[in-house]
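Sequence and predicted structure, then a few things I'm wondering about:
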Amino acid sequence: MNTYRKWFLASRPWSFTMTAVSVSVGSVIGAMDGGFSWFLYLITLAGIIFMHAAANLFNDYYDVLSGVDTLEVSTAQYRPHPLVEGTLKPREVMIEALCLFILAALIGIFLAVTRGWTILVIGTAGAFAGLFYTAPPFRYKYRGLGEISTFLMWGPLMVEGAYFVQRQTLSVDAFWVSLPFGVLVALVLLANNIRDAADDEKRNIKTLPIITGRQRGIWIYVALVVFAYVSVVLMAFTGPLNLWSLMVLISLPLFFSLLRRMIKNPPIDADAQTAKLNTAFGILLLVSLIIGRLA
């Protein structure tokens, strides 16, 4: 396999759609309140994707280093994992992560200088969260805090950050709209942790489903998906969304199909299936915002 292809796969590019939707939602809400800069949108998107890719690499590096990720774990059964498979060396993964991290930092500094220092605060929070997700000394994913961090990063902080780049201020509307999408991104991790609960417990890892119990974790998962849909419906009628946002209900069949599987027996690709639901929901929400803006 080509070295660059291995590096690309190691960064988990299929997860970047969630980042793209968060940045796009924040940017479009910004456009609804004024003008829109394609340059600022694209450079913001590039910077956050670089940071997301670096975080994925740091995550895999420290998971493998600590013995959490092996060829036997569920994750390695359905997605490429070059570090576990031995096609990339740990040193190569760390170098790639640091290069991407530096690129993200340079873009963040540029945006902070040209658009406002609030971007530096948001970017620093994102960098801290991405690095210490599984890295010592915090390793907060294994203390039941992964879902909360993921919700904050892909919800309020990322959406508000993209809005700020466009408008140079923060927005209450952007905050409310960010909540359902941030919840769904966090549920990708929750689905992963529900599936891996038995293995994680053997490794003395404290994820949310282990703290609450696996069955309660499943019901938390269901309740939060319901929250995401209900909140969009409420905002469609009361603001800040419009009735076009009811388009997200088109993705309900995906939810019901996944719901049956999660309750019966979470599938090996529960996180990937949740990511598909998240992507469908997010794209429909984004399209509804664009239509509302044009209308």
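Ah, there it is. Numbering: from 1, shown residues only.

For burial, what's the neighbour tally of D196?
For D196, the neighbour count with other CB atoms under 10 Å is 23. Using the backbone N, CA and C atoms, a C-beta is placed for each residue, glycine as well.

and R203, how many residues sit next to it?
R203: 12 neighbours (other CB under 10 Å).

Which helix or strand in this structure has the lowest average pLDDT?
helix 75-78 (a mean of 61; mean pLDDT, DSSP states H and E).

buried residues in the next helix or strand after that helix?
On the C-terminal side of helix 75-78, the closest following helix or strand by DSSP states H and E is helix 82-85. Neighbour counts over helix 82-85 (16 or more other CB atoms under 10 Å) mark 82-84 as buried.

go on, stretch 101-116?
101, 103-105, 107-108, 111-112, 115-116.

List the contacts of that stretch.
Applying CB atoms under 8 Å, 6 or more residues apart in numbering, the external contacts of stretch 101-116 come out as 40, 43-44, 46-48, 50-51, 54, 118-120, 123, 127, 131, 164-165, 168.

mind listing which of the residues you listed are in helices?
40, 43-44, 46-48, 50-51, 54, 118-120, 123, 127, 131, 164-165 (DSSP state H).

which residues in the stretch 51-200 of the chain form helices?
Remark: helices assigned in the stretch 51-200 of the chain by DSSP state H, counting those that start in this stretch are 75-78, 82-85, 90-115, 118-131, 146-152, 158-167, 172-195, 197-202.

What lies in contact with the fifth one?
If I follow you right, that is helix 146-152. 129, 133, 140-141, 182-183, 185-190, 193, 207-208.

circling back: for A236, which of the helices of the stretch 51-200 of the chain is the nearest?
helix 172-195 (10.8 Å; CB to CB).

helices and strands around that closest one, which ones?
The helices and strands touching helix 172-195, judged by 3 or more CB pairs under 8 Å, 6 or more residues apart in numbering; DSSP states H and E, are helix 16-32, helix 146-152, helix 158-167, helix 208-212, helix 214-238, helix 270-294.

Distance from the second one to the middle of the chain?
It refers to helix 146-152. Here helix 146-152 is found 9 Å from its chain centre; the criterion is CA atoms, centre = their mean, to the nearest Å.

Buried residues in the host helix or strand of W7, which are they?
Using DSSP H and E, W7 sits within helix 3-10. Neighbour counts over helix 3-10 (16+ other CB under 10 Å) mark 6-7, 9-10 as buried.

got it, and stretch 242-249?
Buried residues in stretch 242-249 (16+ other CB under 10 Å): 242, 244-245, 247-248.

so how far is A104 from W7?
16 Å (CB to CB, to the nearest Å).

ok so, going back, can you say which of the ones in helices among the contacts of stretch 101-116 are buried?
Buried, going by 16+ other CB under 10 Å: 40, 43-44, 47-48, 50-51, 54, 118-119, 123, 127, 131, 164-165, out of these.

Now the two most distant members of those residues.
Among these, L40 and L131 lie farthest apart (CB to CB), at 25.5 Å.

before we move on, back to that, got the buried residues of stretch 101-116 as JSON lines, with pLDDT and distance to F151 columns?
Putting these into JSON lines (pLDDT from 0 to 100; distance: CB to CB, whole Å) gives the following:
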{"residue": "F101", "pLDDT": "96", "distance to F151": "22"}
{"residue": "L103", "pLDDT": "97", "distance to F151": "26"}
{"residue": "A104", "pLDDT": "97", "distance to F151": "21"}
{"residue": "A105", "pLDDT": "96", "distance to F151": "24"}
{"residue": "I107", "pLDDT": "97", "distance to F151": "24"}
{"residue": "G108", "pLDDT": "96", "distance to F151": "21"}
{"residue": "L111", "pLDDT": "97", "distance to F151": "23"}
{"residue": "A112", "pLDDT": "97", "distance to F151": "24"}
{"residue": "R115", "pLDDT": "96", "distance to F151": "25"}
{"residue": "G116", "pLDDT": "95", "distance to F151": "24"}
